[in-house]
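# Here's a sequence, model it:
(one chain, ligands or ions: 1)
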Amino acid sequence: MERRALRAAAGARLVKIVVEDLGVTIHAAYSADYDRLYLVIPGEFCSCPSYLFDVFLRRAADKCVHLEAFELASNVREVRVSYEEFRKRIYPLLFRGLL
Ligand SMILES: [Zn+2]
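Residues are numbered from 1 along each chain as shown. Prediction:
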């Protein structure tokens, strides 16, 4: 897939997760099949494989499509959860995104 198309597809899967009890916002991107979440620190880091290999290890790119998509995104879907919901539903998806 062309990079622009990849970026657009990634853009649709971005999400801001507000953990209400903690007062923190976590930026993340769902994988293509929605079975995991990549943790994104906009402008800095993404837990996806492309970031690890292409950006961090090979230095072949500046950013992965998720970091690019966050730069371009004007309104990212926001999800508000309690810490309990975060721990049960979101954290396992983020954890899988790190594997
Ligand atoms: Zn990424």
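
# give me the number of residues near Cys46?
28 (other Cβ atoms under 10 Å). All C-beta atoms are positioned from the backbone trio N, CA, C, and that covers glycine.

# mind checking how far the lowest-mean-pLDDT helix or strand in the chain is from the chain centre?
For the chain, scoring each helix and strand by mean pLDDT, DSSP states H and E identifies helix 3-11 as the least confident one, at a mean of 83. In this view, helix 3-11 has its centroid 13 Å away from the chain centroid, taken as Cα atoms, centre = their mean, to the nearest Å.

# by contact count, what packs against that helix?
Where contact means 3 or more Cβ pairs under 8 Å, 6 or more residues apart in numbering; DSSP states H and E, helix 3-11 is packed against helix 65-72.

# Kindly recompute the last result at 10 Å.
strand 24-30, helix 65-72 (3 or more Cβ pairs under 10 Å, 6 or more residues apart in numbering; DSSP states H and E).

# So which of these is nearest the ion?
Between the ion and these, the tightest spacing by Cβ to the ion is seen for helix 65-72, at 3.3 Å.

# tell me how far the closest one is from the chain's mean position?
9 Å.

# Buried residues, it. List them.
For helix 65-72, burial by neighbour count (16 or more other Cβ atoms under 10 Å) applies to 65-70.

# need the residues of the protein near the ion, please.
46, 48, 51, 64, 66 (Cβ under 5 Å from the ion).

# right, and the fourth one touches Asp54 too?
Same thing as Cys64. Yes - using Cβ atoms under 10 Å, Cys64 is in contact with Asp54, at 6.8 Å.

# who touches both of those two?
In the contact map built from Cβ atoms under 10 Å, 6 or more residues apart in numbering, the residues linked to both Cys64 and Asp54 are Cys48.

# With neighbour numbers in mind, choose between the two.
Between Cys64 and Asp54, counted using other Cβ under 10 Å, Cys64 has the larger neighbour count: 26 against 16.

# The residue of the chain most remote from its centre in helix, strand or coil?
The centre of the chain is farthest from one residue, Asp21, which by Cα atoms, centre = their mean lies 21.3 Å away. At Asp21, secondary structure determined by DSSP: H, G, I helix; E, B strand; the rest coil is coil.

# tell me the contacts of it?
So Asp21 contacts 81-86 (Cβ under 10 Å, 6+ apart).
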